[in-house]
Structures are given as C-alpha cells and as structure tokens.
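> Sequence first, then the predicted structure:
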Amino acid sequence: QVQLQESGPGLVKASQTLSLTCAVSGGSITTNYYYLSWIRQPPGKGLEWVGYITYSGSTYYSPSLKSRTSISRDTSKNQFTLQLSSVTPEDTAVYFCARLLGAAAYYDYWGQGTQVTVSS
C-alpha cells in the first residue's frame, strides 16, 4: 500500500518561502510513469494543480505559479519537496501531495493534506 505524507510549517510569513515535503512509502518515487504532484485548495475554492516531478526527474509547473515554484526530490529518502517563494496570503491553502499515473491521467494515491497559512 502506497502512502504519502506531507510535512512542513503550518504558518509562513508573507514574502518568505513555503517549503513542504512529501514522504512516500510503499513505492519508489522513481517508478516508471508516475508523476509526483503538488495540488492545493484555497479556502472556499476548488483544487489547483501546482506542479509535478516525473519519475525521471523532469519538472512541470502551473503557468500561474511557475516563476515562484520549485519541486525537487531526494531519491535516497524517497521524498519530494515543494518550494514556493515570495508567498502572499493568497497562497493560504491546504496543500496535498499526490501520485499521478501519467498514462491514465488519474491520481491513485493522495496525502491527507496539510494546512498552510500565510500571514501578512
């Protein structure tokens, strides 16, 4: 059974960098055709895709967040990390990590989500 677990600070000050880590167990982050994703949900709004890192280490970001986003991975720890710079209160959201099966384009496993609040 694959499990994903987000971790990181729940409160970040505006203009700082938000950093979250997703630890993956029960499956390797380098398994072919899986894209390890970050998705967020602002209060009262729908899900917003932030970006992903592929099984081969390539990264893709939402165009609206691309200039502030970086996703990396540590294969020795089987985890991947989101960094979002220059945050504002509009970045307040529940942040989820999830595993996307690229070929079928569906998310088969999700983390429970972690609340991040950006204070002004």
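Looks like it came in fine.
> show me what contacts the residue lying closest to residue 26 once chain neighbours are set aside?
Distances taken as Cβ to Cβ, 6 or more residues apart in numbering place residue 2 nearest to residue 26, at 4.2 Å, with adjacent residues excluded. Using the backbone N, CA and C atoms, a C-beta is placed for each residue, glycine as well. By Cβ atoms under 8 Å, 6 or more residues apart in numbering, the contact list for residue 2 reads 24-27, 99, 108-109.
> got it, and residue 61?
50-51, 69, 71.
> Can you list which of the residues you listed are found in helices?
Using DSSP state H, no member of these falls in helices.
> can you redo those residues as TSV with distance to residue 78, pLDDT and neighbour count?
Shown next, in TSV, are the contacts of residue 61 (distance: Cβ to Cβ, whole Å; pLDDT from 0 to 100; neighbours: other Cβ atoms under 10 Å):
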residue	distance to residue 78	pLDDT	neighbour count
50	20	98	24
51	19	97	20
69	21	98	19
71	15	98	23
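> lowest-confidence helix or strand of the chain?
Least confident helix or strand of the chain, by mean pLDDT, DSSP states H and E, is strand 106-110 with a mean of 94.
> C-terminal to it, which secondary structure element comes first?
Later in the chain than strand 106-110, the nearest helix or strand by DSSP states H and E is strand 114-119.
> What's the mean pLDDT across that following strand?
Here strand 114-119 scores 98 as its mean pLDDT.
> swap in stretch 30-42?
Here the average pLDDT along stretch 30-42 is 95.
> contacting residues around that stretch?
So stretch 30-42 is contacted by 20, 22, 24, 27, 29, 47-56, 71, 73, 75, 80, 82, 90, 92-103, 107, 113 (Cβ under 8 Å, 6+ apart).
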